[in-house]
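A.B. asks: let's see this in three dimensions:
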Amino acid sequence: MTKVLYPGSFDPMTKGHMNIVEQASDLFDEVIIAVMQNPLKKSGLFTLEERMEIIKALYQKMNNVRVISASGAAIDVALLNECKAIIRGLRSLSDYDYEVQLQQINKEMSNNKINTICLFADKEYQFVSSSMVKEVFNLDKDISRYVDPIVWERMLIKKRSLIR
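C.D. replies: Okay, here's the model as predicted:
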């Protein structure tokens with residue numbers, strides 16, 4: 001069984017992320033979405049537990065997608081879960097430069113056991129980022145093109161709870 005890890009903060013999970021998961025699930029036996037706690041990022045919109053809950057709801061009907069939470073280095077999570085590769089989504093040339101560096105470090109840290117596979121989001125999602133979605137959402141604009149209805153609803157609930 002070929003398992004791959006798709007790590008990220010997913011705050012929130014966008015249709016771009018989902019597009020990468022769909023592509024990976026067609027290529028591999030199991031896609032493990034690792035919802036990561038990034039200590040370098042300031043607190044996000046959703047807690048780690050909320051992100052896990054949302055992503056599990058999105059993929060409850062997909063048998064070859066598993067959602068876990070993790071902290072630390074993605075390469076360690078990949079090794080612990082016996083993954084053959086780490087999946088990364090690419091949107092732009094600047095993403096590529098960063099991913100090349102990350103791939104080289106991960107390959108070295110795993111003693112050449114873990115490869116990095118970059119997948120390109122479909123063209124309608126290549127400009128979509130979690131940061132952009134949060135910014136548009138905070139301007140009270142329609143984000144239905146960028147996130148699943150489950151995500152949008154949870155964002156609305158979160159916003160209402162923060163206003164109180």
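A.B. asks: could I get the full set of strands for the protein?
C.D. replies: For the chain, the strands defined by DSSP state E occupy 3-8, 30-37, 65-71, 85-90, 115-120.
A.B. asks: any buried residues in the longest one, and which?
C.D. replies: This means strand 30-37. Neighbour-count burial for strand 30-37, with 16 or more other Cβ atoms under 10 Å as criterion, is recorded at E30, V31, I32, I33, A34, V35, M36. Where you see a C-beta, it was placed from the backbone N, CA and C, and this is true even at glycine.
A.B. asks: report the contact partners of the closest residue in space to I55 that isn't next to it in sequence.
C.D. replies: Nearest residue to I55 in three dimensions, chain neighbours excluded: V67, at 4.9 Å (Cβ to Cβ, 6 or more residues apart in numbering). By Cβ atoms under 8 Å, 6 or more residues apart in numbering, the residues touching V67 are I32, I33, V35, M52, I55, K56, Y59.
A.B. asks: got CSV for these, with pLDDT and distance to H17 too?
C.D. replies: Shown next, in CSV, are the contacts of V67 (pLDDT from 0 to 100; distance: Cβ to Cβ, whole Å):
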residue, pLDDT, distance to H17
I32, 98, 14
I33, 98, 9
V35, 97, 11
M52, 97, 14
I55, 98, 9
K56, 98, 14
Y59, 97, 11
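A.B. asks: worst-scoring helix or strand of the chain, pLDDT-wise?
C.D. replies: For the chain, counting by mean pLDDT, DSSP states H and E, helix 93-109 ranks last in confidence among helices and strands (a mean of 87).
A.B. asks: give me the distance from that one to the chain's centre.
C.D. replies: Relative to its chain's centre, helix 93-109 lies at 16 Å (Cα atoms, centre = their mean, to the nearest Å).
A.B. asks: tell me what that helix is packed against?
C.D. replies: When contacts are defined as 3 or more Cβ pairs under 8 Å, 6 or more residues apart in numbering; DSSP states H and E, helix 93-109 packs onto helix 74-80, strand 85-90, strand 115-120.
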